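Asker: Let's see this in three dimensions:
(one chain, ligands or ions: 1)
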Amino acid sequence: MYSQLYFDYNATTPCDKEVVDSMLPHFHEDFGNPSSSHHPYGWLAKGAVEDATNSIAKNLGIAPSSLIYTSGATESINMVLKGVARKMQSHGKHIITTKAEHKAVLDTCAFLEEDGFEISYLDVDSDGLISLETLNKTLRPDTILVSILYANNETGNIQPLEEIAKLIQENGSLLFSDTTQALGKVDLTDVLQIVDFACFSGHKVYGPKGIGLVYIKDNEDGDSLPSFIQGGGQQKKQRGGTINTPLIVGLAKAIELAYSNLEEEHKRMKTFRDKLEAGLLEIELAVSNSKTPKRLPNTVHVSFPYVDGANLLTALSRQIAVSNGSACNSASVEPSHVLTAMGVERSLAYASLRLSIGRYTTEEDIEKAVEIVKDEVSKQREANILWERRA
Ligand code: PLP
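Answerer: Okay, the predicted model is just below:
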């Protein structure tokens with residue numbers, strides 16, 4: 001274990017020990033294949049999966065038939081976007097999304113563009129929100145699907161989905177919302193009633209990695225979304241392949257734990273988040289990028305003018321795990337597409353930090369994190385001639 005403070009819960013969360021315990025029997029003892037219908041090994045596994053599905057559905061206030069297991073949110077997003085595109089292409093080939101989506105949506109949309117679909121990318125304002133008026137103007141009779149990120153993974157800003165859904169439904173289009181970051185942080189009951197599709201990921205809610213869900217509102221007959229993984233006929237033929245009993249049991253446990261004290265944990269997170277944000281905003285000229293009235297209770301996103309973002313991250317990485325939301329690879333470093341879509345100037349977008357807190361964050365961690373960031377920002381600025389010369 002590293003001695004660093006962990007402030008990157010939006011990237012991933014540790015698997016809760018209760019979740020690990022719930023999964024263990026299904027690796028070695030109750031290891032049957034849920035599709036083996038002729039012996040107790042299979043029956044036990046099938047029963048465990050059914051119990052898990054019922055538990056998830058109950059916690060989320062939805063029908064068990066609306067859930068399809070995948071390997072994670074990226075696969076779920078691919079399944080929804082490509083599935084709707086394939087199923088609805090005779091009605092139209094126009095899809096709307098936003099410039100501030102997760103890359104899993106943007107890259108899948110780019111793939112569909114190559115396949116002849118037309119994608120409209122909506123601008124977002126300085127809070128990362130879309131304009132309802134622009135959405136209304138962009139909707140067309142041939143718009144088959146609108147894909148809107150519910151809670152932004154970088155800023156935590158939440159879109160007003162109720163109003164968005166009304167416009168989309170009036171137009172007769174389908175609505176998909178990437179709800180990956182919201183699960184376990186905010187109550188999604190109302191959201192799941194208004195969207196046609198949503199997605200979830202185990203590792204964002206103290207569950208295991210490699211398991212996720214597609215939510216399909218009307219899926220009693222199992223024909224609402226075609227599979228793009230054929231073989232075996234599992235999951236009503238909507239996603240082929242042996243289903244992963246241990247991970248499904250773990251996901252259900254993770255969701256059960258999150259929902260057992262959603263409100264209390266929301267309050268605790270929000271208090272800590274506000275303390276963290278207030279501390280960071282004491283830094284001269286610091287600006288917050290998460291300002292919407294509705295936002296995730298765990299996410300703080302702040303920019304620090306006159307700071308070299310890369311140097312800041314490197315310096316911080318010795319003491320605290322944070323993210324700047326940039327897509328980095330060894331050859332190039334690009335500023336966050338979310339921040340640039342919000343109109344944040346490139347150099348400021350680089351000099352930005354996302355701090356996301358979670359179940360194991362303590363008040364003491366918050367205090368330490370504020371001091372560490374304050375100290376590093378001031379060191380970076382001392383080394384910056386422009387800081388001295390600022391007006
Ligand atoms: N969508 C959002 C908003 C996310 O934050 C993530 C994870 O970073 C994903 C999708 C992809 O999730 P997964 O890692 O389960 O593929």
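
Asker: Find the residue ranges of this structure scoring beneath the pLDDT cut-off.
Answerer: Along the chain, segments meeting pLDDT under 70 span 1-3, 325-332, 391.

Asker: residues from it in reach of the ligand?
Answerer: Residues of the chain lying close to the ligand (Cβ under 6 Å from any ligand atom) are 72-74, 102, 104, 149, 153, 178, 180-181, 201, 212. Every C-beta, even on glycine, is put in place using the N, C-alpha and C of the backbone.

Asker: These into JSON lines, with extra columns for secondary structure and neighbour count?
Answerer: Listed next are the residues of the chain next to the ligand as JSON lines, based on DSSP: H, G, I helix; E, B strand; the rest coil; neighbours: other Cβ atoms under 10 Å:
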{"residue": "72", "secondary structure": "coil", "neighbour count": "20"}
{"residue": "73", "secondary structure": "helix", "neighbour count": "27"}
{"residue": "74", "secondary structure": "helix", "neighbour count": "19"}
{"residue": "102", "secondary structure": "coil", "neighbour count": "21"}
{"residue": "104", "secondary structure": "helix", "neighbour count": "20"}
{"residue": "149", "secondary structure": "strand", "neighbour count": "27"}
{"residue": "153", "secondary structure": "coil", "neighbour count": "25"}
{"residue": "178", "secondary structure": "strand", "neighbour count": "27"}
{"residue": "180", "secondary structure": "coil", "neighbour count": "27"}
{"residue": "181", "secondary structure": "coil", "neighbour count": "28"}
{"residue": "201", "secondary structure": "strand", "neighbour count": "28"}
{"residue": "212", "secondary structure": "strand", "neighbour count": "26"}
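
Asker: Make JSON lines from those residues and add distance to residue 193 to it.
Answerer: Output for these, formatted as JSON lines (distance: Cβ to Cβ, whole Å):
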{"residue": "72", "distance to residue 193": "24"}
{"residue": "73", "distance to residue 193": "20"}
{"residue": "74", "distance to residue 193": "25"}
{"residue": "102", "distance to residue 193": "23"}
{"residue": "104", "distance to residue 193": "24"}
{"residue": "149", "distance to residue 193": "18"}
{"residue": "153", "distance to residue 193": "23"}
{"residue": "178", "distance to residue 193": "17"}
{"residue": "180", "distance to residue 193": "18"}
{"residue": "181", "distance to residue 193": "19"}
{"residue": "201", "distance to residue 193": "21"}
{"residue": "212", "distance to residue 193": "21"}
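
Asker: from the residues you listed, which is closest to residue 80?
Answerer: residue 178 (9.1 Å; Cβ to Cβ).

Asker: measure that closest one to residue 248 for me?
Answerer: According to Cβ to Cβ, to the nearest Å, residue 178 and residue 248 sit 21 Å apart.

Asker: Then residue 222?
Answerer: Shown here: residue 222 relative to residue 248, a distance of 17 Å by Cβ to Cβ.

Asker: Also residue 117?
Answerer: 32 Å.

Asker: The two: which is more packed in?
Answerer: Between residue 117 and residue 248, residue 248 has the larger neighbour count (other Cβ atoms under 10 Å), namely 28 against 19.

Asker: The more buried one contacts residue 50, correct?
Answerer: No - the criterion here is Cβ atoms under 8 Å, and residue 248 misses it with residue 50 at 9.9 Å.

Asker: what are the ranges of the helices in the stretch 201-350 of the chain?
Answerer: 245-260, 262-281, 309-316, 337-341, 346-350 (DSSP state H, counting those that start in this stretch).

Asker: ranking the ones you listed by burial, who's on top?
Answerer: helix 245-260 (a mean of 23; mean count of other Cβ atoms under 10 Å).

Asker: Residue 175 belongs to a strand?
Answerer: Yes - per DSSP: H, G, I helix; E, B strand; the rest coil, residue 175 lies within a strand segment.

Asker: what sits against it?
Answerer: 145-146, 148, 164-165, 168-169, 194-197 (Cβ atoms under 8 Å, 6 or more residues apart in numbering).

Asker: let's see 10 Å
Answerer: 96, 145-148, 161, 164-165, 167-169, 194-198, 217 (Cβ atoms under 10 Å, 6 or more residues apart in numbering).

Asker: Now, of the residues you listed, which are buried?
Answerer: Buried by 16 or more other Cβ atoms under 10 Å: 96, 145-148, 161, 164-165, 167-168, 194-198, 217, out of the contacts of residue 175.

Asker: contacting residues around the helix or strand where residue 191 lies?
Answerer: Using DSSP states H and E, residue 191 sits within helix 189-194. The contact list for helix 189-194 (Cβ under 10 Å, 6+ apart) reads 59-62, 66, 150-151, 158, 161-162, 164-166, 168-169, 175, 177, 179, 182, 198, 215, 217.

Asker: Work out the gap between that helix and the centre of the chain.
Answerer: Mean-position distance between helix 189-194 and its chain equals 16 Å (Cα atoms, centre = their mean, to the nearest Å).

Asker: Keeping just the C-alphas, turn that helix into PDB.
Answerer: Output in PDB follows, covering the C-alpha atoms of helix 189-194 (Å, rounded to 0.1, in the frame of the first residue of the first chain):
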ATOM      1  CA  THR A 189     -34.500   6.700  -9.100                       C
ATOM      2  CA  ASP A 190     -36.100   9.600 -11.000                       C
ATOM      3  CA  VAL A 191     -33.400   9.600 -13.600                       C
ATOM      4  CA  LEU A 192     -33.900   6.000 -14.500                       C
ATOM      5  CA  GLN A 193     -37.600   6.700 -15.000                       C
ATOM      6  CA  ILE A 194     -37.000   9.300 -17.700                       C
END
